[in-house]
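**Student:** Everything below, folded, please.
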Amino acid sequence: MRDAAVRGSGPTTQENEMKLKDQRVILTGAAGGMGSILANLIADAGAEVALIDANAEALQELAASIDGSHAVPADLSNEEGCQEAIQSAMQALGGVDVLINLAGLMSFSPMKKRISSGCSCSCKLT
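**Tutor:** The predicted structure is shown next:
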């Protein structure tokens, strides 16, 4: 059951709800604090949502609390994981109208090392 405080938070208007109604939304980083709040708001607005997160246990718990949502456990730290997750989510939804990327990577290394090594991961939506 969704927490009433989560449902009631945020300035959701009837107009914004209509914009998301019947939309297919992919949400990465869904199982975290901001992600789970956003997932509930999106679902409450009438969208069908595919939830992506590396924390499979928290993701399943969140998906079980949102009727009609789709859980896609995935490691988005590499391109192959990104592609597989997006394809699974798109297959579950039958396409995608909105993509929200909340997933993030944290690197604890000296700034000089991070700048010289670079980091790139992108997913192609087809």
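**Student:** can you map out the helices along this structure?
**Tutor:** Using DSSP state H, the helices of the chain run over 4-8, 14-20, 33-44, 56-65, 79-93, 111-117.
**Student:** and the second one, what's its mean pLDDT?
**Tutor:** I take that to be helix 14-20. Here helix 14-20 scores 68 as its mean pLDDT.
**Student:** Stretch 54-65 now?
**Tutor:** What stretch 54-65 shows for mean pLDDT is 97.
**Student:** List the contacts of that stretch.
**Tutor:** 1-2, 30-32, 36, 39-40, 51-53, 69-77, 103 (Cβ atoms under 8 Å, 6 or more residues apart in numbering). (Glycine included, C-beta is placed from N, CA and C.)
**Student:** let's go with 10 Å and repeat that
**Tutor:** 1-3, 6, 28-32, 35-36, 39-40, 43, 49-53, 69-77, 81, 85, 103 (Cβ atoms under 10 Å, 6 or more residues apart in numbering).
**Student:** Give me the buried subset of the residues you listed.
**Tutor:** 6, 28-32, 35-36, 39-40, 43, 49-53, 69-74, 76, 81, 85, 103 (16 or more other Cβ atoms under 10 Å).
**Student:** Which of the helices and strands in this protein ranks last by mean pLDDT?
**Tutor:** helix 4-8 (a mean of 50; mean pLDDT, DSSP states H and E).
**Student:** what distance separates the start and the end of stretch 24-34?
**Tutor:** Stretch 24-34 has an end-to-end distance of 19 Å (Cα to Cα, to the nearest Å).
**Student:** next one: stretch 73-87
**Tutor:** End-to-end distance (Cα to Cα), stretch 73-87: 12 Å.
**Student:** swap in stretch 20-37?
**Tutor:** 16 Å.
**Student:** and what of stretch 54-72?
**Tutor:** So stretch 54-72: terminal residues 9 Å apart, Cα to Cα.
**Student:** Buried residues in it, which are they?
**Tutor:** Buried residues in stretch 54-72 (16+ other Cβ under 10 Å): Ala54, Ala58, Leu59, Leu62, Ala63, Ser65, Ile66, Ser69, His70, Ala71, Val72.
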